[in-house]
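J.: Predicted coordinates and the sequence they were generated for:
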Amino acid sequence: MISQFFVLSQRGDNIVFRDYRGEVPKGSAEIFFRKVKFWKEDGQEEAPPVFNVDGVNYFHVKVVGLLFVATTRVNVSPSLVLELLQRIARVIKDYLGILNEDSLRKNFVLVYELLDEVIDFGYVQTTSTEVLKSYVFNEPIVVDAARLQPLGPAAIFMQGTKRMPGTAVTKSVVANEPGGRKREEIFVDIIEKISVTFSSSGYILTSEIDGTIQMKSYLTGNPEIRLALNDDLSIGRGGGSVYDYRSSSGSGAVILDDCNFHESVRLDNFDVDRTLSLVPPDGEFPVMNYRMTQEFKPPFRINTLIEEAGTLKAEVILKVRAEFASGITANTVVVQMPLPKYTIRASFELEPGAVGQRTDFKEANKKLEWGLKKIVGGSEYTLRAKLTFSQESHGNITKEAGPVSMTFTIPMYNASRLQVKYLQIAKKSSAYNPYRWVRYVTQANSYVARI
């Protein structure tokens, strides 16, 4: 049960505000923003997603730079409210096509109508786009996507000069195209978040993949869809060796630890031929979530060397090598390494001819940061950093630095080798042939190398 819901811009402007129960003071949005902006407790850089001020619980998630916030005086499950906020953001995005400050302001009548159907007197009614279509009749005012910067998911699928169609990111599920017709198409995204921990000698200590198959359908009449996965897919540890190590392009069974499916998915033939049958609801939804701990080939190898270079000085050498094929490019790569607390200065040296790289020493939290715009498969990059200390080290310097962590996005690559073999749509007529887009993307969840 929530008392208020509001959306704030990065400047703290109230874009949307709905008070459902009148239990929380009207100035809660300002109290929340000031608390988040000046969060200094426990030395944290960012406010946690849930906190309490003067008996009011504040829950928030950040979506494309906007703060979606709920307040309540009642002791409710934080995971329930955070999931609700994510789902409200998804429903609004389904209706508006583009989720940003401009689209919210232009469509505030539609947004308030959606909020009144999703939540009634603080209680959740539904977050299904399919169900809401029966109750919400306002048409969205479409914001021109061409004027927008490629932000977040829209930029993920850029591959050099080639670009995957980004219409799934910027198209409403209820508005028609110019001319009153809908373009028949369906988007399937296989998104994997990988967690790997390397030992100081480079061995893999832990490895895990959290994946999801997301679908967004723009098919009229909601025809039945058959989605086929790998024939050699097995679920649970019963099928073969857990550590059946293969390269990401090689053969070998794909073994998932566990998975779950959307309620619209029928599993009649799944055990026989690994096909999923479903009638897709409107909007974006996860067809399948899965988890895998079978050992896989990590996309990057990180080598770190730190050694003293005289009194009050040390040198760090960081090497990053891409272990995937040369036809694949990783984007927005950031490498971070905590340095000893008594570091006062760091100077950096990149390889000759280095392009699209940036280095920074975050003095406030004593952290080295190395950003690479893109990394082509098979390539290796090196960074040298000369550190200056305010006092002598009284122990092993490697124990006071690290571990090295890495974030990245790799389009058209998946570490688990789970694949959509085909996407079959029930035909209405011989001329009916909708567009099908299947895209893969791998992101770092926790990618850490110990020193």
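T.: Received it, and whenever you're ready, just let me know what you need.

J.: in what helix or strand does Y95 lie?
T.: With the criterion set as DSSP states H and E, the secondary-structure element containing Y95 is helix 78-96.

J.: Show the pLDDT at E392.
T.: pLDDT for E392: 78.

J.: on that earlier part again, what comes up buried for the helix holding Y95?
T.: Of all the residues in helix 78-96, those buried under the rule 16 or more other Cβ atoms under 10 Å are 81-82, 84-85, 87-96. Any C-beta I mention is one placed from the backbone N, CA and C, and that applies to glycine too.

J.: can you dump the C-alpha coordinates of that helix into PDB?
T.: Below are the C-alpha coordinates for helix 78-96, written out as PDB (Å, rounded to 0.1, in the frame of the first residue of the first chain):
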ATOM      1  CA  PRO A  78      10.600  -3.000  -0.300                       C
ATOM      2  CA  SER A  79      11.000  -5.500  -3.200                       C
ATOM      3  CA  LEU A  80       7.300  -5.300  -4.000                       C
ATOM      4  CA  VAL A  81       7.300  -1.400  -4.200                       C
ATOM      5  CA  LEU A  82      10.600  -1.300  -6.200                       C
ATOM      6  CA  GLU A  83       9.100  -3.900  -8.700                       C
ATOM      7  CA  LEU A  84       5.900  -1.800  -8.900                       C
ATOM      8  CA  LEU A  85       7.900   1.300  -9.800                       C
ATOM      9  CA  GLN A  86       9.800  -0.600 -12.500                       C
ATOM     10  CA  ARG A  87       6.500  -1.900 -13.900                       C
ATOM     11  CA  ILE A  88       4.900   1.600 -13.900                       C
ATOM     12  CA  ALA A  89       7.900   2.900 -15.800                       C
ATOM     13  CA  ARG A  90       7.500   0.000 -18.300                       C
ATOM     14  CA  VAL A  91       3.800   0.600 -18.800                       C
ATOM     15  CA  ILE A  92       4.300   4.300 -19.400                       C
ATOM     16  CA  LYS A  93       7.100   3.500 -21.900                       C
ATOM     17  CA  ASP A  94       4.800   1.000 -23.700                       C
ATOM     18  CA  TYR A  95       2.200   3.700 -24.100                       C
ATOM     19  CA  LEU A  96       4.400   6.700 -24.900                       C
END
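
J.: and V333, that one's in a strand?
T.: Yes: looking at V333 with DSSP: H, G, I helix; E, B strand; the rest coil, it is inside a strand.

J.: That one: neighbouring residues, count only.
T.: By the criterion of other Cβ atoms under 10 Å, V333 has 23 neighbours.

J.: In stretch 218-234, which residues have enough neighbours to count as buried?
T.: By neighbour count, with 16+ other Cβ under 10 Å as the criterion, the buried positions of stretch 218-234 are 218-219, 223, 225-229, 233.

J.: For V63, list the residues it contacts.
T.: Contact partners of V63, counting by Cβ atoms under 8 Å, 6 or more residues apart in numbering, are 86, 89, 99.

J.: now D268
T.: By Cβ under 8 Å, 6+ apart, the neighbours of D268 are S277.

J.: returning to that earlier point: would you mind giving the buried residues of helix 78-96 as a markdown table with pLDDT and distance to I255 added?
T.: Formatted as a markdown table, the entries for those read as follows, by pLDDT from 0 to 100; distance: Cβ to Cβ, whole Å:
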| residue | pLDDT | distance to I255 |
| --- | --- | --- |
| V81 | 96 | 35 |
| L82 | 96 | 31 |
| L84 | 96 | 34 |
| L85 | 96 | 34 |
| R87 | 94 | 31 |
| I88 | 95 | 36 |
| A89 | 94 | 34 |
| R90 | 92 | 30 |
| V91 | 93 | 35 |
| I92 | 93 | 38 |
| K93 | 92 | 34 |
| D94 | 90 | 34 |
| Y95 | 90 | 39 |
| L96 | 90 | 40 |
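
J.: now, among those residues, which is nearest to V355?
T.: When those are ranked by distance to V355 (Cβ to Cβ), K93 comes first, at 34.8 Å.

J.: Report the separation between the closest one and I302.
T.: Between K93 and I302 the computed distance is 35 Å (Cβ to Cβ, to the nearest Å).

J.: Show the contacting residues for the closest residue to S9 other than its chain neighbours.
T.: If you skip the residues right next to it in sequence, S9 has E101 as its closest partner in space, 5.2 Å away by Cβ to Cβ, 6 or more residues apart in numbering. E101 sits next to 9, 13, 15, 66 when contact means Cβ under 8 Å, 6+ apart.

J.: Please pick the buried ones from these.
T.: Among those, those classed as buried by 16+ other Cβ under 10 Å are 9, 15, 66.

J.: if we can go back for a sec, quick one: which two of the buried residues of stretch 218-234 are the most distant?
T.: Y218 and L233 (27.8 Å).

J.: Looking at the buried ones among the contacts of E101, spot the one nearest S207.
T.: Within those, the smallest distance to S207 is 33.8 Å, found for L66 (Cβ to Cβ).

J.: Who are the contact partners of that closest one?
T.: 7-10, 15, 89, 99-101, 104.

J.: Okay, helices next: where are they in the stretch 101-250 of the chain?
T.: Remark: helices of the stretch 101-250 of the chain, listed N- to C-terminal, are 101-106, 108-118, 129-132, 153-156, 167-170; assignment by DSSP state H, counting those that start in this stretch.
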